[in-house]
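Peer 1: Quick one, fold the following:
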Amino acid sequence: MANTATKWIEAISVLTELTQQGRLKWQVDAPGLGLIASTLRGTTPQQSAYKAKYLDNWFRLTRRVTGQAAFTTILSSPPYSLDIIDESGAQLYAIPETTGLSDLYQAVQYQLSGWIKSLSHCCVRKVAAFSASALVINR
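Peer 2: Residues are numbered from 1 along each chain as shown. Take a look at the predicted model:
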């Protein structure tokens, strides 16, 4: 049993690494879910879902938060799920809840927000501008 859990942790680590490297591209899945959930507050689960294709497999990563306890649940540990799905979005296999899913979710969030890309462009521009101004001052 522990061997199977270890293999899932390793697989999720690989997906996280590929996401951080930009080799695994994620996209928003079912974009209307957030709007529907926010209008039906209470016991309705709010859900954010993303999907990506790696080799021949589609993956869907989901975070669910329920109603009024949403803020508390986000601060503790929200339930994440990772599924293997077909092209139409139907679940083929539910990957067991494993450590590392929150790290994968955060990597997907960063990738889709463009935070890393914009930060690196910003830093390169500032360093280039600083270097250019330093050359002008030293002349």
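
Peer 1: correct me, but Ile9 touches Glu97?
Peer 2: No: applying CB atoms under 8 Å, one finds Ile9 not in contact with Glu97, separated by 11.3 Å. Backbone N, C-alpha and C define where each C-beta goes, glycine included.

Peer 1: Check what contacts the host helix or strand of Leu82 and list those residues.
Peer 2: Following DSSP states H and E, the helix or strand that holds Leu82 is strand 80-85. With contact meaning CB atoms under 8 Å, 6 or more residues apart in numbering, strand 80-85 is reached by 12, 51, 57-64, 91-95, 97, 101-102, 104-105.

Peer 1: check contacts around Leu24.
Peer 2: By CB under 8 Å, 6+ apart, Leu24 lies in contact with 15, 18, 52, 54.

Peer 1: Quick check: it is in a helix.
Peer 2: No: assessed by DSSP: H, G, I helix; E, B strand; the rest coil, Leu24 does not belong to a helix; its assignment is coil.

Peer 1: what pLDDT does Pro96 get?
Peer 2: For Pro96, the pLDDT comes out at 87.

Peer 1: Quick check: phi and psi at it.
Peer 2: Main-chain torsions, Pro96, degrees, to the nearest 10: phi -60, psi 150.

Peer 1: now do Gln109
Peer 2: phi -60, psi -50.

Peer 1: how much space between Gly89 and Ser48?
Peer 2: Note on Gly89: its distance to Ser48, by CB to CB, to the nearest Å, is 15 Å.

Peer 1: typo on my end, it should be Ala94
Peer 2: To Ser48, Ala94 is 17 Å away according to CB to CB.

Peer 1: more neighbours, the two?
Peer 2: Under the neighbour definition other CB atoms under 10 Å, Ala94 and Ser48 were set side by side, and Ser48 has more, 20 against 12.

Peer 1: pretty sure the more buried one contacts Thr62?
Peer 2: Yes: with contact defined as CB under 8 Å, Ser48 and Thr62 form a contacting pair (7.1 Å).

Peer 1: could you list every residue that touches Leu15?
Peer 2: 24, 54, 59, 104.

Peer 1: ok, of those residues, which come out buried?
Peer 2: Among those, those classed as buried by 16 or more other CB atoms under 10 Å are 24, 59, 104.
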